[in-house]
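**Q** Model the structure of this input:
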Amino acid sequence: MSASPILITGGAQRLGRHCAERLVDDGHPVIISYRRERPELEALRGRGIVTLPADFSSETGILDFIDRLKGETASLRAIVHNASDWAPDSTGPEAGATFERLFRIHMLAPYLINLHGRELLEACREPQRDIVHMTDYVVQKGSRKHAAYAATKAGLDNLTLSFAAMYAPEVQVNAIAPALIMLNEGDDEAYAEKARAKSAMQMVPGPGVIYQTLRYLLDNRYVTGATLPVDGGRHLR
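**A** Numbers count the residues shown, from 1 in each chain. Here you go, the predicted model:
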(Lines give C-alpha, C1' and ligand atoms only; values in the text may rest on other atoms or scores of the structure.)
Protein backbone atom coordinates (compact mmCIF):
# COMPACT_ATOMS: atom_id res chain seq x y z
CA MET A 1 0.00 0.00 0.00
CA SER A 2 1.43 3.39 -1.00
CA ALA A 3 1.95 6.02 1.67
CA SER A 4 -0.61 8.80 2.09
CA PRO A 5 0.69 12.21 0.95
CA ILE A 6 1.26 15.30 3.07
CA LEU A 7 -0.48 18.47 1.87
CA ILE A 8 1.32 21.82 2.24
CA THR A 9 -0.65 24.91 1.23
CA GLY A 10 1.45 27.72 -0.17
CA GLY A 11 4.26 25.25 -0.82
CA ALA A 12 5.92 26.81 -3.87
CA GLN A 13 8.41 29.10 -2.12
CA ARG A 14 10.32 29.89 1.04
CA LEU A 15 9.30 27.89 4.13
CA GLY A 16 6.67 25.85 2.34
CA ARG A 17 9.02 24.84 -0.45
CA HIS A 18 11.81 23.95 1.98
CA CYS A 19 9.50 21.71 4.00
CA ALA A 20 8.09 20.07 0.85
CA GLU A 21 11.56 19.23 -0.41
CA ARG A 22 12.74 17.93 2.96
CA LEU A 23 9.65 15.74 3.30
CA VAL A 24 10.38 14.22 -0.11
CA ASP A 25 13.97 13.64 1.02
CA ASP A 26 12.53 11.74 3.99
CA GLY A 27 10.43 9.55 1.73
CA HIS A 28 7.00 11.21 2.00
CA PRO A 29 4.78 11.87 -1.02
CA VAL A 30 3.82 15.56 -1.05
CA ILE A 31 1.05 17.69 -2.54
CA ILE A 32 1.37 21.48 -2.51
CA SER A 33 -0.98 24.30 -3.40
CA TYR A 34 0.30 27.38 -5.15
CA ARG A 35 -1.21 30.76 -5.97
CA ARG A 36 0.47 31.48 -9.31
CA GLU A 37 2.75 29.74 -11.77
CA ARG A 38 6.45 30.30 -11.08
CA PRO A 39 9.70 28.75 -12.34
CA GLU A 40 10.35 26.93 -9.03
CA LEU A 41 7.33 24.71 -9.62
CA GLU A 42 9.02 22.78 -12.42
CA ALA A 43 11.80 21.73 -10.06
CA LEU A 44 9.24 20.58 -7.50
CA ARG A 45 7.31 18.63 -10.13
CA GLY A 46 10.57 17.05 -11.23
CA ARG A 47 10.93 15.67 -7.72
CA GLY A 48 7.51 14.04 -7.86
CA ILE A 49 5.64 16.70 -5.88
CA VAL A 50 2.04 17.15 -7.00
CA THR A 51 1.20 20.83 -7.54
CA LEU A 52 -2.38 22.12 -7.42
CA PRO A 53 -3.26 25.75 -8.20
CA ALA A 54 -5.45 27.40 -5.57
CA ASP A 55 -7.14 30.72 -4.99
CA PHE A 56 -7.84 31.00 -1.28
CA SER A 57 -9.01 34.63 -1.54
CA SER A 58 -12.61 33.50 -2.14
CA GLU A 59 -14.82 30.77 -0.69
CA THR A 60 -15.49 29.53 -4.22
CA GLY A 61 -11.77 29.16 -4.83
CA ILE A 62 -11.28 27.29 -1.55
CA LEU A 63 -14.08 24.83 -2.25
CA ASP A 64 -12.84 24.30 -5.81
CA PHE A 65 -9.40 23.43 -4.43
CA ILE A 66 -10.92 20.94 -1.98
CA ASP A 67 -12.79 19.23 -4.81
CA ARG A 68 -9.62 18.92 -6.89
CA LEU A 69 -7.65 17.71 -3.88
CA LYS A 70 -10.16 14.91 -3.33
CA GLY A 71 -9.83 14.02 -7.00
CA GLU A 72 -6.06 13.74 -6.56
CA THR A 73 -5.87 11.59 -3.42
CA ALA A 74 -8.11 9.36 -1.32
CA SER A 75 -6.18 9.96 1.91
CA LEU A 76 -3.76 12.35 3.61
CA ARG A 77 -1.10 11.76 6.24
CA ALA A 78 -1.04 15.43 7.26
CA ILE A 79 -2.23 18.91 6.31
CA VAL A 80 0.19 21.82 6.79
CA HIS A 81 -1.51 25.20 6.46
CA ASN A 82 1.30 27.44 5.25
CA ALA A 83 -0.49 29.69 2.73
CA SER A 84 -0.16 33.31 3.84
CA ASP A 85 -0.35 36.93 2.72
CA TRP A 86 1.82 39.57 4.43
CA ALA A 87 -0.38 42.49 3.38
CA PRO A 88 0.07 45.79 5.22
CA ASP A 89 -2.81 47.77 6.66
CA SER A 90 -4.37 50.66 4.78
CA THR A 91 -6.66 53.54 5.62
CA GLY A 92 -7.91 53.71 2.05
CA PRO A 93 -11.04 52.25 0.48
CA GLU A 94 -9.33 48.89 0.04
CA ALA A 95 -8.87 48.37 3.80
CA GLY A 96 -11.97 46.23 4.26
CA ALA A 97 -11.24 44.14 1.18
CA THR A 98 -7.71 43.50 2.43
CA PHE A 99 -8.99 42.30 5.80
CA GLU A 100 -11.54 40.03 4.15
CA ARG A 101 -8.86 38.53 1.87
CA LEU A 102 -6.55 37.83 4.81
CA PHE A 103 -9.45 36.30 6.75
CA ARG A 104 -10.15 33.90 3.89
CA ILE A 105 -6.51 32.93 3.39
CA HIS A 106 -5.53 32.60 7.05
CA MET A 107 -8.79 31.40 8.61
CA LEU A 108 -11.54 30.37 6.20
CA ALA A 109 -9.29 28.22 3.98
CA PRO A 110 -7.84 26.24 6.91
CA TYR A 111 -11.31 25.98 8.49
CA LEU A 112 -12.93 24.55 5.36
CA ILE A 113 -9.98 22.36 4.38
CA ASN A 114 -9.90 20.90 7.90
CA LEU A 115 -13.63 20.21 7.84
CA HIS A 116 -13.71 18.67 4.36
CA GLY A 117 -10.31 17.02 4.73
CA ARG A 118 -11.14 15.09 7.87
CA GLU A 119 -12.27 12.08 5.86
CA LEU A 120 -8.99 12.12 3.93
CA LEU A 121 -7.00 12.11 7.17
CA GLU A 122 -9.09 9.36 8.72
CA ALA A 123 -8.65 7.26 5.57
CA CYS A 124 -4.89 7.23 6.17
CA ARG A 125 -3.75 3.82 7.46
CA GLU A 126 -0.66 5.15 9.22
CA PRO A 127 -0.69 5.32 13.06
CA GLN A 128 -0.58 9.13 13.19
CA ARG A 129 -2.44 11.87 11.33
CA ASP A 130 -1.72 15.59 11.76
CA ILE A 131 -2.91 19.09 11.02
CA VAL A 132 -0.35 21.87 11.48
CA HIS A 133 -1.23 25.58 11.35
CA MET A 134 1.59 28.01 10.56
CA THR A 135 0.78 31.10 12.62
CA ASP A 136 3.19 33.87 13.62
CA TYR A 137 5.05 35.32 16.61
CA VAL A 138 3.16 38.57 16.02
CA VAL A 139 -0.01 36.90 17.36
CA GLN A 140 1.36 37.46 20.87
CA LYS A 141 2.02 41.20 20.52
CA GLY A 142 -0.03 42.61 17.67
CA SER A 143 1.32 44.85 14.94
CA ARG A 144 1.26 48.58 14.24
CA LYS A 145 1.42 48.12 10.45
CA HIS A 146 -0.07 44.65 9.93
CA ALA A 147 -3.06 44.56 12.30
CA ALA A 148 -5.26 42.60 9.88
CA TYR A 149 -2.50 40.05 9.33
CA ALA A 150 -1.90 39.68 13.08
CA ALA A 151 -5.62 39.37 13.86
CA THR A 152 -6.30 36.69 11.24
CA LYS A 153 -3.22 34.73 12.25
CA ALA A 154 -4.48 34.93 15.84
CA GLY A 155 -7.76 33.48 14.62
CA LEU A 156 -5.85 30.62 13.02
CA ASP A 157 -4.03 30.04 16.30
CA ASN A 158 -7.40 29.76 18.09
CA LEU A 159 -8.68 27.32 15.45
CA THR A 160 -5.83 25.07 16.56
CA LEU A 161 -7.50 24.59 19.94
CA SER A 162 -10.95 24.00 18.50
CA PHE A 163 -9.89 21.44 15.91
CA ALA A 164 -7.58 19.70 18.38
CA ALA A 165 -10.56 19.16 20.68
CA MET A 166 -12.90 18.14 17.84
CA TYR A 167 -10.54 15.68 16.14
CA ALA A 168 -8.83 14.01 19.11
CA PRO A 169 -7.71 11.31 19.45
CA GLU A 170 -7.64 10.32 15.79
CA VAL A 171 -6.00 13.51 14.44
CA GLN A 172 -3.50 15.75 16.22
CA VAL A 173 -3.79 19.49 15.57
CA ASN A 174 -0.98 21.88 16.46
CA ALA A 175 0.52 25.20 15.40
CA ILE A 176 4.00 26.57 14.74
CA ALA A 177 4.53 30.28 15.46
CA PRO A 178 7.70 31.59 13.81
CA ALA A 179 9.31 34.99 14.08
CA LEU A 180 11.69 36.11 11.32
CA ILE A 181 13.21 32.94 9.87
CA MET A 182 14.60 34.04 6.49
CA LEU A 183 15.68 37.28 4.89
CA ASN A 184 14.19 38.46 1.63
CA GLU A 185 16.13 39.21 -1.50
CA GLY A 186 17.29 42.80 -1.29
CA ASP A 187 17.50 42.95 2.52
CA ASP A 188 20.77 44.67 3.35
CA GLU A 189 23.14 44.02 6.23
CA ALA A 190 21.71 46.91 8.25
CA TYR A 191 18.28 45.27 8.11
CA ALA A 192 19.77 41.86 8.93
CA GLU A 193 21.56 43.29 11.96
CA LYS A 194 18.36 44.90 13.20
CA ALA A 195 16.49 41.63 12.69
CA ARG A 196 19.07 39.61 14.60
CA ALA A 197 18.95 42.03 17.52
CA LYS A 198 15.24 41.34 18.10
CA SER A 199 15.83 37.86 19.51
CA ALA A 200 17.86 36.53 22.40
CA MET A 201 19.55 34.10 20.00
CA GLN A 202 20.61 37.03 17.76
CA MET A 203 20.38 35.11 14.50
CA VAL A 204 18.33 34.61 11.35
CA PRO A 205 18.27 30.82 11.46
CA GLY A 206 16.98 29.82 8.03
CA PRO A 207 14.12 27.45 7.16
CA GLY A 208 15.70 24.34 8.66
CA VAL A 209 14.40 25.22 12.13
CA ILE A 210 10.82 25.17 10.83
CA TYR A 211 11.29 21.74 9.30
CA GLN A 212 12.78 20.49 12.57
CA THR A 213 9.67 21.71 14.40
CA LEU A 214 7.31 20.25 11.81
CA ARG A 215 9.19 16.95 11.98
CA TYR A 216 8.80 16.92 15.77
CA LEU A 217 5.03 17.29 15.45
CA LEU A 218 4.77 14.66 12.73
CA ASP A 219 6.79 12.20 14.81
CA ASN A 220 5.25 12.76 18.26
CA ARG A 221 2.04 10.89 19.07
CA TYR A 222 1.30 12.73 22.33
CA VAL A 223 1.08 16.42 21.37
CA THR A 224 -2.12 18.18 20.35
CA GLY A 225 -3.63 21.63 20.84
CA ALA A 226 -0.16 23.18 21.23
CA THR A 227 1.46 26.21 19.62
CA LEU A 228 5.24 25.82 19.36
CA PRO A 229 7.14 29.13 19.22
CA VAL A 230 10.14 29.29 16.88
CA ASP A 231 11.25 32.85 17.63
CA GLY A 232 14.74 32.70 19.10
CA GLY A 233 13.54 33.97 22.47
CA ARG A 234 12.05 37.28 21.38
CA HIS A 235 10.04 37.46 24.60
CA LEU A 236 13.32 37.71 26.51
CA ARG A 237 14.46 40.95 24.86
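
**Q** Okay, buried residues for the top helix by length along the chain please.
**A** Looking across the chain with DSSP state H, the single longest helix is helix 147-167. For helix 147-167, a neighbour-count test (16 or more other Cβ atoms under 10 Å) marks 148-157, 159-160, 163-164, 167 as buried. Quick note: C-beta positions are derived from backbone N, CA and C, even for glycine.

**Q** Any idea which residue is closest to the centre of this structure?
**A** Nearest to the mean C-alpha position of the chain, by Cα atoms, centre = their mean, lies residue 82 at 1.8 Å.

**Q** Make sure that residue is actually in contact with residue 15.
**A** Yes: between residue 82 and residue 15 there is a contact under Cβ atoms under 8 Å: 6.4 Å.

**Q** picking that back up, on contacts alone, who are the packing partners of the very next helix or strand once past the longest helix of the chain?
**A** Using DSSP states H and E, the helix or strand that follows helix 147-167 in sequence is strand 172-178. In terms of contacts (3 or more Cβ pairs under 8 Å, 6 or more residues apart in numbering; DSSP states H and E), strand 172-178 is packed against strand 130-134, helix 147-167, helix 208-219, strand 227-230.

**Q** out of the ones you listed, nearest to residue 52?
**A** Ranking the helices and strands packed on strand 172-178 by proximity to residue 52 (Cβ to Cβ) places strand 130-134 first, at 17.8 Å.

**Q** Adjacent strands (with direction) for the closest one?
**A** Strand 130-134 has the following strand partners under DSSP bridges: strand 78-81 (parallel), strand 172-178 (parallel).

**Q** Find the least confident helix or strand in the chain, judged by mean pLDDT.
**A** helix 189-197 (a mean of 89; mean pLDDT, DSSP states H and E).
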